[in-house]
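Asker: Here is a sequence with its predicted model. Questions after.
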Amino acid sequence: MSSLRDRYSLPGAAPSRLRQTLKSAISCVGHGLHSGLNVEMRLVPAAAGTGIVFHRRDLGLDVPATFDRVIDTRLCTVIAQGAARIGTIEHLMAALAAAGVDDVRVEVDAAELPILDGSAAPFLFLIESAGIVAHGARRETLTVLRRVRVEHNGAFAELHPGDAGFELDLSIDFDAAAIGAQSLALTLSAESFAAELASARTFTLAADVAALQAAGLARGGSLQNAIVVDGAHVLNPEGLRFADEFVRHKMLDVVGDLALAGAPIAGRFVGHCSGHALNNQLLRALFADQANYRLSVATPALALSAA
């Protein structure tokens, strides 16, 4: 998976300048982390300009994957339109954004995506298996023009102008000794996401599990789809995939939540203890003032002269 961008390179044009969709449809079945219900999900190619659209097959309703559709950020990101809700979308959104997929229809038969192993790696595998193809239209880029900051109780999230691409710098600090203080800096690409972020799993504290389930959350949670921490101990028998898996997963969430901007971001994210709520508030603050950003269409690659 680390060679996704090279694998989907197109002759004669840079893939990053063109909108992309999947070559073919692909499906998976799992269960929701919070609902515990079985869920079937199908990723379907979509026309240029469609964006990422979730379709509730059981309701016959669409929900565009945009920041202004977010209605809940408790432990996951939930979007809605009318009677249709879709939760736990951030891992799939991160995989689609990192792989450069602009247009796709995500069909589901429940109000939550399958959690699979708690990371974005299974979604990236689905995207890789389906394949990616450019389909003509040029891609927009969202360029950050000036600093935007949101904060709450010592946590903060910022977007800054950057040199090129999308840079991320995140730190976290938990009382649990198994987590503690961790930080990570990364420039987002298909390769860096696949190697450094995709397989980092969601996590929770053992002391919180009973309360979450009593509140109707985490009913599908297990050691197969989440890291569970008890003080200085990781309860998963296999241990961690990275020594700093916790901050890597939090950065994965940032990538997925900010993908709801609707276009690749050119700028720099800096955050401390940022979660789904602050990530969404950051996008709302960015778009609240047109002086904060510029949406521009990439310049087309030069056409090759005929022989």
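Answerer: That came through fine. Note that this is a predicted model, so its numbers are computed, not measured. Residues are numbered from 1 along each chain as shown.
Asker: use CA for all of it now, contacts and neighbours both
Answerer: Noted.
Asker: Okay, now the unreliable bits of the stretch 151-300 of the chain?
Answerer: With pLDDT under 70 as the threshold, the stretch 151-300 of the chain has low-confidence stretches at 298-300.
Asker: All the helices of it, residue numbers only.
Answerer: Secondary structure of the stretch 151-300 of the chain by DSSP state H, counting those that start in this stretch: the helices cover 190-192, 206-214, 245-258, 276-287.
Asker: for the third one, packing partners?
Answerer: Using 3 or more C-alpha pairs under 8 Å, 6 or more residues apart in numbering; DSSP states H and E as the contact criterion, the secondary-structure elements in contact with helix 245-258 are helix 90-99, strand 166-173, strand 181-187, helix 276-287.
Asker: now do 6 Å
Answerer: Using 3 or more C-alpha pairs under 6 Å, 6 or more residues apart in numbering; DSSP states H and E as the contact test, the elements touching helix 245-258 are helix 90-99.
Asker: Okay, angle between the helix or strand that the helix it packs on is followed by and helix 90-99 too, please.
Answerer: Moving toward the C-terminus from helix 90-99, the next helix or strand (DSSP states H and E) is strand 104-108. Calculated by axes from the mean of the first three to the mean of the last three C-alpha atoms, to 10 degrees, strand 104-108 forms an angle of 160 degrees with helix 90-99.
Asker: ranking the helices of the stretch 151-300 of the chain by burial, who's on top?
Answerer: Neighbour counts averaged per stretch over the helices of the stretch 151-300 of the chain are highest for helix 245-258, at a mean of 26; criterion: mean count of other C-alpha atoms under 10 Å.
Asker: and that one, how far out from the chain's middle?
Answerer: Between the centre of helix 245-258 and the centre of its chain there are 8 Å (C-alpha atoms, centre = their mean, to the nearest Å).
Asker: Could you pull up the residues touching Asp169?
Answerer: Leu184, Ala185, Val270 (C-alpha atoms under 6 Å, 6 or more residues apart in numbering).
Asker: what separates it from Asn153, distance-wise?
Answerer: Applying C-alpha to C-alpha, to the nearest Å, the value for Asp169 to Asn153 is 19 Å.
Asker: coming back round to it: from the contacts of Asp169, which single one is nearest Phe287?
Answerer: Ranking the contacts of Asp169 by separation from Phe287, with C-alpha to C-alpha as the measure, puts Val270 on top at 17.5 Å.
Asker: Pretty sure the closest one sits against Glu158.
Answerer: Yes: counting by C-alpha atoms under 6 Å, Val270 does reach Glu158; the two are 5.1 Å apart.
Asker: what about the two, which has more around it?
Answerer: Taking other C-alpha atoms under 10 Å, Val270 and Glu158 do not tie; Glu158 has more neighbours (23 against 17).
Asker: Work out which residue lies at the spatial centre of this structure.
Answerer: Of all residues in the chain, the one closest to the mean position by C-alpha atoms, centre = their mean is Gly256, 1.8 Å from it.
Asker: wait, it sits on Leu92?
Answerer: No: using C-alpha under 6 Å, Gly256 is not in contact with Leu92; the gap is 7.2 Å.
Asker: tell me the phi and psi of the nearest residue in space to Glu245 that is not next to it in sequence?
Answerer: Spatial nearest neighbour of Glu245, chain neighbours left out: Ala200 (5.4 Å); criterion: C-alpha to C-alpha, 6 or more residues apart in numbering. The phi/psi pair for Ala200 (degrees, to the nearest 10) reads phi -70, psi 130.
Asker: ok, Ala200 to Phe242 distance?
Answerer: Taking C-alpha to C-alpha, one finds Ala200 at 8 Å from Phe242.
Asker: neighbour count winner among the two?
Answerer: Ranked by neighbour count (other C-alpha under 10 Å), Ala200 and Phe242 place Ala200 first, with 27 against 14.
Asker: residues in contact with Cys28?
Answerer: Shown here is Cys28, whose contacts under the criterion C-alpha under 6 Å, 6+ apart are Glu40, Met41.
Asker: That one bridge partners, please.
Answerer: According to DSSP bridges, Met41 are recorded as the beta-bridge partners of Cys28.
Asker: if I look at it, how far off is Ala178?
Answerer: Applying C-alpha to C-alpha, one obtains 33 Å for the distance of Cys28 from Ala178.
Asker: How about Ala211?
Answerer: Following C-alpha to C-alpha, the distance that separates Ala211 from Ala178 is 21 Å.
Asker: How about Met93?
Answerer: Look at Met93 and Ala178: by C-alpha to C-alpha, they are 28 Å apart.
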